[in-house]
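Colleague: For reference, the sequence and a predicted model appear below.
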Number of protein chains: 2
Amino acid sequence: MSDSNRIAATAALLGDPARANMLAALMDGRALTAKELAYAAHVTPQTASGHLAKLADGGLLAAEKQGRHRYFRLASPLVGHMLEGVMAVAGPEPPRTTTWRGGEALRTARTCYDHLAGRLAVALADALTARGHVALGADGGEVTDEGKRFLDDFGAAPEPGRRVYCRPCLDWSERRPHLAGRVGSALACRCFELGWIARRRDTRAVSITDAGRTGFRDTFGIALDG
Amino acid sequence: MSDSNRIAATAALLGDPARANMLAALMDGRALTAKELAYAAHVTPQTASGHLAKLADGGLLAAEKQGRHRYFRLASPLVGHMLEGVMAVAGPEPPRTTTWRGGEALRTARTCYDHLAGRLAVALADALTARGHVALGADGGEVTDEGKRFLDDFGAAPEPGRRVYCRPCLDWSERRPHLAGRVGSALACRCFELGWIARRRDTRAVSITDAGRTGFRDTFGIALDG
DNA sequence: CCGTCGCTTCGGTGTCCGCCGAAGCATCGC
DNA sequence: GCGATGCTTCGGCGGACACCGAAGCGACGG
């Protein structure tokens, strides 16, 4: 019984639009200041302060003080995972006709915690699946031996640790799975390294460079619109 | 922005103790009547009715009418996955000294959606890991070739489909991962088949039979207390 | 040292929502 | 039919909480 109370208490923290906005803004793993989060949540700093205190108190956020700023980030990957789960259920949003501020860019490519999301990420997952390099299901993913060799050649081999590394993550804008886990992370990391994609300021969206267009086409056979 | 509102709306559904109780009661995948759920949530039938309407409206529950009863179950595995995520975060409960009604039995062995959970399940996962049959990480799991053979011999080989099948699921009473996904499901199914475990009425807890004690010891090297 | 900036605490207001008692519909069994 | 059972709707009550304005505290910079 008290078990469920804790579940409810945790879920209630996500149950407020302002707090949900804040958490969504932190989904890429970066740390943001209280003010930035207030802006993201569309509330005044006082209100945001209260929300942040609750989230930190509930163990969802970790805070770090630097000078007169206070940076907040998700307390652990577990929290990110929980958010993914909620997004996956909340996702089937009635077809959106309106695109909101920066929506298109976000839908094209963005970061999701430590890996890529959006149309680009889904296309990557599709390409790797079509070539038999990975197999993604609802509950998990596997990399084939061939896939391991491919990732190795590409320079995106996850560290050799015994831990597992392939996981699907339901893309909430595309409603299809993309690659997460250690493989997804290594892949994203390598793409940044190669200069195929670049982070933007103040948004989770990432830009695809010209080199990226060429690279994604030649290496993965992905034709990016335009 | 409206994205986050949907997230918040969904999370808010879990944010009430009564509703959280109901969902937790449905985690094993069975369908329960409105009255049973009212009892599980410790509220009157009128109140439960309102909650159930909201949950069904929010797409978390599916309802089915049979005679004068109405059976509710989780609308999709996605919902179960979401709950697991929340439980994992809400889990680190301050050390419980009091054991609640039926708590010990639940902690020993229970079903979790379609697989096993509790001490038994964690012990199974540990045994399989120690023998190099599976590797479980935070984000996914793998079955080794040796493990595949072992499961095959045991009669718990998941259907051969190309889909992936190994996934860790954080046990919220033990705070350690146990086996979920297709492997976990097949394993649980086989244990029921062998008569090693048996379902109980009105609870997710399962009983370990004498045959089970012997079997788990001989096959997996698991010593069950007592 | 003083103004600016970032963050927090305090108080008051308004709204939302969970709760139950009572009553209204369906279904089942006799 | 008639009562019993399961579920739902309605109405009113009460508590919880999100919100903001105003004020307090600390850190930086000239």
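Modeller: In hand now; what should we look at?
Colleague: per-residue confidence at A:Asp126?
Modeller: At A:Asp126, the model reports a pLDDT of 91.
Colleague: What helix or strand is it located in?
Modeller: In the assignment (DSSP states H and E), A:Asp126 maps to helix A:119-130.
Colleague: Run through chain A and note the low-pLDDT ranges.
Modeller: The model of chain A has pLDDT under 70 over residues A:1-2, A:92-103, A:138-139, A:159-165, A:202, A:225-226.
Colleague: quick one, strands of it?
Modeller: For chain A, applying DSSP state E gives strands covering A:32-33, A:61-66, A:69-74, A:110-112, A:115-117, A:134-136, A:141-143, A:167-170, A:177-180, A:197-199, A:206-208.
Colleague: Remind me what the shortest one packs against, helices and strands.
Modeller: So that's strand A:32-33. The contact analysis (3 or more C-beta pairs under 8 Å, 6 or more residues apart in numbering or on different chains; DSSP states H and E) places strand A:32-33 against strand A:69-74. (Glycine included, C-beta is placed from N, CA and C.)
Colleague: ok, the strand it packs on near DNA strand D or not?
Modeller: No: judged by C-beta under 7 Å from any atom of the strand, strand A:69-74 makes no contact with DNA strand D; its nearest approach is 8.5 Å.
Colleague: got the buried residues for that strand?
Modeller: Residues of strand A:69-74 classed as buried: A:70-74 (neighbour count, 16 or more other C-beta atoms under 10 Å in any protein chain shown).
Colleague: before we move on, what about stretch A:35-53?
Modeller: Buried residues in stretch A:35-53 (16+ other C-beta under 10 Å): A:36-41, A:43, A:48-49, A:51-52.
Colleague: So what would you say the end-to-end distance of that stretch is?
Modeller: Distance between the two ends of stretch A:35-53: 13 Å, counting by C-alpha to C-alpha, to the nearest Å.
Colleague: and it, how far out from the chain's middle?
Modeller: 22 Å (C-alpha atoms, centre = their mean, to the nearest Å).
Colleague: Give me the contacts around it.
Modeller: With contact meaning C-beta atoms under 8 Å, 6 or more residues apart in numbering or on different chains, stretch A:35-53 is reached by A:16-19, A:21-22, A:24-26, A:32, A:34, A:61, A:63, A:72, B:1.
Colleague: All the helices of chain A, residue numbers only.
Modeller: Using DSSP state H, the helices of chain A run over residues A:2-14, A:17-25, A:34-41, A:45-57, A:77-90, A:103-108, A:119-130, A:145-154, A:181-193, A:210-215.
Colleague: Could you tell me the angle between the first one and helix B:77-90?
Modeller: Using axes from the mean of the first three to the mean of the last three C-alpha atoms, to 10 degrees, the interaxial angle of helix A:2-14 with respect to helix B:77-90 works out to 100 degrees.
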